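Q: Requesting a structural model of the entry that follows:
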Amino acid sequence: SEKERNRNEKLGEYFLNLSNTTLGTTVLGMIVSSALNFEDANIWMILAIIGIGLIATITFANIGKKFLNK
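A: Below you'll find the predicted structure:
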């Protein structure tokens, strides 16, 4: 139905926006902050946060894609 299609489209867009936000805040934010404070940075913690951010970004994008394809 039209109502369900609109709901799926809004949910899909929401998860895609969440994916973009996650990428910007975790991955890019951590890269910038580690570049500014490299001598104090723990490289394994930085890599772990970037990895978790990338996994979350991909997961949210896939959820959004599934809603848009319904």
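Q: dump the residue contacts of Glu9.
A: 67-68 (C-beta atoms under 8 Å, 6 or more residues apart in numbering). In short, each C-beta sits where N, CA and C put it, glycine included.
Q: mind starting the numbering at 775 from now?
A: In the new numbering, first residue 775, that becomes Glu783.
Q: from the chain's centre, how far out does the helix or strand in which it is found sit?
A: Using DSSP states H and E, Glu783 falls within helix 776-796. Its chain's C-alpha centre and that of helix 776-796 lie 14 Å apart, by C-alpha atoms, centre = their mean, to the nearest Å.
Q: Met804: neighbour count?
A: Met804 has 19 neighbours, counted by other C-beta atoms under 10 Å.
Q: for Thr800, that is, sorry about that
A: Here the count is done by other C-beta under 10 Å, and Thr800 has 19 residues near it.
Q: Isn't it up against Ile826?
A: Yes. Between Thr800 and Ile826 there is a contact under C-beta atoms under 8 Å: 7.0 Å.
Q: Kindly format the C-alpha coordinates of the helix holding Glu783 as PDB.
A: Taking C-alpha atoms only, helix 776-796 is exported to PDB below (Å, rounded to 0.1, in the frame of the first residue of the first chain):
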ATOM      1  CA  GLU A 776       1.000   3.600  -0.400                       C
ATOM      2  CA  LYS A 777       1.200   4.200   3.400                       C
ATOM      3  CA  GLU A 778       3.600   1.300   3.900                       C
ATOM      4  CA  ARG A 779       5.700   2.400   0.900                       C
ATOM      5  CA  ASN A 780       6.000   5.900   2.400                       C
ATOM      6  CA  ARG A 781       6.900   4.400   5.800                       C
ATOM      7  CA  ASN A 782       9.600   2.200   4.300                       C
ATOM      8  CA  GLU A 783      11.000   5.200   2.300                       C
ATOM      9  CA  LYS A 784      11.200   7.300   5.500                       C
ATOM     10  CA  LEU A 785      12.800   4.500   7.500                       C
ATOM     11  CA  GLY A 786      15.300   3.900   4.600                       C
ATOM     12  CA  GLU A 787      16.300   7.500   4.400                       C
ATOM     13  CA  TYR A 788      16.600   7.700   8.200                       C
ATOM     14  CA  PHE A 789      19.000   4.700   8.300                       C
ATOM     15  CA  LEU A 790      21.000   6.200   5.400                       C
ATOM     16  CA  ASN A 791      21.300   9.500   7.200                       C
ATOM     17  CA  LEU A 792      22.300   7.600  10.400                       C
ATOM     18  CA  SER A 793      25.000   5.900   8.400                       C
ATOM     19  CA  ASN A 794      26.300   9.200   7.100                       C
ATOM     20  CA  THR A 795      26.300  10.700  10.600                       C
ATOM     21  CA  THR A 796      28.100   7.600  12.100                       C
END
